[in-house]
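Peer 1: Here you go, sequence then predicted model.
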Amino acid sequence: MGEAVITRLDGPAVESDLAFDMVRRGLFVAPAMTLVFGLIWGVDGAASTAYGIAIVLVNLVVSALLLSWTARISLGLMMGTALFGYLLRLGLIFLAVWLVKDASWIDIVPLCVTLVVTQLGLLFWEMRYVSASLAYPGLKPQSKES
């Protein structure tokens, strides 16, 4: 157990690669999702959807940056950051929604649907991509040229 607490990772920041890949995919589908939700719920639905997508993408980047940073210090700190960082980020998502819940441009239903659909959709999309390639390209070992 003591080894895991003091061991650090010096390799590539895989967490950041995965998160930024999910952000890229999220930005790819954001216009379509915003348009569809805008057609269903109007301008407020489109604004709520865009806000929800931004919350999810920022959440992914913050998670990746925290994990990458703490992994270079120690695995024990990274594990603690994974657990308590998750709780902290859930609190920040709650705060981001709570601060705008009464705003005139927010429709709470498309916002909440966007948060759930975007987060799960991106995770499953990335999971499928990673499992299909057996490893994210950033994880594949570089071929040694002789």
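Peer 2: Happy to help now that I have it.
Peer 1: When you work out contacts or count neighbours from here on, use the C-alpha atoms and nothing else.
Peer 2: OK.
Peer 1: what is the mean pLDDT for whichever strand or helix holds residue 110?
Peer 2: Using DSSP states H and E, residue 110 maps to helix 108-133. Here helix 108-133 scores 85 as its mean pLDDT.
Peer 1: Report the buried residues of it.
Peer 2: Neighbour counts using 16 or more other CA atoms under 10 Å place 108, 110, 111, 114, 115, 118, 119, 122, 123, 126 of helix 108-133 among the buried residues.
Peer 1: What's the first helix or strand after the longest helix along the chain?
Peer 2: The longest helix of the chain (DSSP state H) is helix 14-71. Next in sequence after helix 14-71, counting helices and strands by DSSP H and E, comes helix 75-100.
Peer 1: same for that following helix, what does it pack against?
Peer 2: helix 2-6, helix 14-71 (3 or more CA pairs under 8 Å, 6 or more residues apart in numbering; DSSP states H and E).
Peer 1: now the longest one: how far from the chain's centre is it?
Peer 2: Distance of helix 14-71 from its chain centroid, counting by CA atoms, centre = their mean, to the nearest Å, is 7 Å.
Peer 1: what's the angle from that helix to helix 75-100?
Peer 2: Inter-element angle recorded for helix 14-71 and helix 75-100: 110 degrees (by axes from the mean of the first three to the mean of the last three CA atoms, to 10 degrees).
Peer 1: name the helices or strands packed onto helix 14-71?
Peer 2: helix 75-100, helix 108-133.
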